[in-house]
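K.L.:
give me the fold of what follows.
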Amino acid sequence: MPYFDAASAAPLHPVARQALLAALDEGWADPARLYREGRRARLLLDAARETAAEAVGCRPDELVFTPSGTRAVHVGVEGALAGRRRVGGHLVVSAVEHSSVLHAAEAHEARGGTRTEVPVDRSGAVTPAGYAEALRPDTALACLQSANHEVGTLQPVAEVAELCRAAGVPLLVDAAQSLAWGQVPGEWSLLTGSAHKWGGPPGVGLLAVRKGVRFAPQGPADERESGRSAGFENIPAVVAAAASLRAVRAEAEAEAARLRVLVDRIRRRVARLVPDVEVVGAADLRLPHLVTFSCLYVDGETLLHELDRAGFSVSSGSSCTSSTLTPSHVLKAMGVLSEGNVRVSLPPGTTAEDVNRFLEVLPTAVAGVREQLGAVPPATPVAPDAESLQIDALGERCPQPVISLARAVLRVPVGGTVTVVSDDEVARLDIPAWCAMRGHEYLGEAPAPVGTSYRVRRLH
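P.N.:
Residues are numbered from 1 along each chain as shown. Prediction:
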């Protein structure tokens, strides 16, 4: 059964498994102790730190291990902000950061700090100019991911790092998605990663803090990991994480070239095989193994279940797969279609046969979901029966408001308008996206007594 969700968690690398099993016998003792077992554990921990630091591109004494990538982000953000509290309490992040970064930013605001979110374009990329505009005299820290976790777009880290350096502001880079493929370019100040993203065991994160960066660890005090990550180190997992990072790096160039060909095949063929699909994210400046697309008139959760039954494990940023019924903040910031969203992220070893079979299964799965939802277009043209229509979509959830709009627009003449009244948060994103995809004019939104009204003009 092909597993196509490596961006969430990569399968355990064989080297990680071997290192983990070997370290279980050798790395169980307290590395802070001076007796033989403690010294052996310390040697394993130090060797793992040197290996990870070499992969990251920092000094071993600049890197600590944490219980997770999320914890590394929070420790890094809180420590850097606390270390520069005399400068001010302003934090800069991009609108598409991982939720761990945005949650750390929310916690900072709850403590009285301020935050500026830098917008992105439709590919999901920030501009250096956006960061230059956001930096202020009281900016204590800026954060920017190296690559987006949902659409794969690479960010201009080196350029933003240079702007931050010139302004005297440290830059924290969330490199969880890109570390498997290479070092992060530029003069960043702090960097975080997570082992389960590159084929290491879950429960291991890393935080690098460059020498000279003002940093004041927050939270529980502990002498371990330079006082920056409290708790007894999981040495077997750390050893496995470092060993697997070195292994995937050795394979990265060849594997990236191979997977990029397969992802390019998906990007090209999905739009040809499935009607009304939007492939999102950068076409060129992107991770080699990840592609995301959204399908009109499709319930994301139902589509994922259909693909799972067909033997494919994929992910989604669609609100239809979320208990909160809100769209992915990444897709929302990009201003692209969110309904029927599918993220395919190929793990190392994925074959062309796996991808070809996925492309065979996908059109049938999408067509089946659309048929279940009544989104199949009529066999014969519908005669217009009004100059304008208002559709009550209150209580309907993604993708039903857009399906209702697609039906209604056929009932007005060219130049006529349709107003959709909806209380679904996703309609604010998906109705304009539908207009762009189908070639109609989006006239805007206005408050309604209940929900929001969205006006559309039929153009053909």
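
K.L.:
identify each buried residue in stretch 386-402, please.
P.N.:
389, 391, 393, 396, 397, 398, 399, 400, 401, 402 (16 or more other C-beta atoms under 10 Å). (Glycine included, C-beta is placed from N, CA and C.)

K.L.:
I'd like to know which of these is nearest to residue 98.
P.N.:
Closest to residue 98 out of the buried residues of stretch 386-402 is residue 398 (23.0 Å), distances taken as C-beta to C-beta.

K.L.:
which SS state does the closest one fall under?
P.N.:
Following DSSP: H, G, I helix; E, B strand; the rest coil, residue 398 is assigned to coil.

K.L.:
which residue packs closest to it, ignoring adjacent ones?
P.N.:
residue 426 (4.3 Å; C-beta to C-beta, 6 or more residues apart in numbering).

K.L.:
again, but for residue 259
P.N.:
Closest to residue 259 by C-beta to C-beta, 6+ apart is residue 289, at 4.4 Å.

K.L.:
looks like the one you found contacts residue 261 (just checking).
P.N.:
No. Using C-beta atoms under 8 Å, residue 289 is not in contact with residue 261; the gap is 10.9 Å.

K.L.:
what about these two, which has more around it?
P.N.:
residue 289 (26 against 12; other C-beta atoms under 10 Å).

K.L.:
contact partners for that one?
P.N.:
6, 7, 152, 256, 259, 260, 263, 345, 346, 347, 350 (C-beta atoms under 8 Å, 6 or more residues apart in numbering).

K.L.:
any chance of those in JSON lines, plus secondary structure, pLDDT and neighbour count?
P.N.:
As requested, these are exported to JSON lines (DSSP: H, G, I helix; E, B strand; the rest coil; pLDDT from 0 to 100; neighbours: other C-beta atoms under 10 Å):
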{"residue": "6", "secondary structure": "coil", "pLDDT": "96", "neighbour count": "25"}
{"residue": "7", "secondary structure": "coil", "pLDDT": "95", "neighbour count": "25"}
{"residue": "152", "secondary structure": "coil", "pLDDT": "97", "neighbour count": "27"}
{"residue": "256", "secondary structure": "helix", "pLDDT": "97", "neighbour count": "17"}
{"residue": "259", "secondary structure": "helix", "pLDDT": "97", "neighbour count": "23"}
{"residue": "260", "secondary structure": "helix", "pLDDT": "97", "neighbour count": "15"}
{"residue": "263", "secondary structure": "helix", "pLDDT": "97", "neighbour count": "21"}
{"residue": "345", "secondary structure": "strand", "pLDDT": "97", "neighbour count": "27"}
{"residue": "346", "secondary structure": "coil", "pLDDT": "97", "neighbour count": "27"}
{"residue": "347", "secondary structure": "coil", "pLDDT": "96", "neighbour count": "19"}
{"residue": "350", "secondary structure": "coil", "pLDDT": "96", "neighbour count": "22"}
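
K.L.:
would TSV of the residues you listed with distance to residue 197 be doable?
P.N.:
Formatted as TSV, the contacts of residue 289 follow (distance: C-beta to C-beta, whole Å):
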residue	distance to residue 197
6	8
7	7
152	13
256	15
259	15
260	18
263	17
345	10
346	14
347	11
350	16
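
K.L.:
next helix or strand past the helix or strand hosting residue 70?
P.N.:
Residue 70 belongs to helix 69-83 when assigned by DSSP states H and E. The helix or strand immediately downstream of helix 69-83 is strand 90-94, counting by DSSP H and E.
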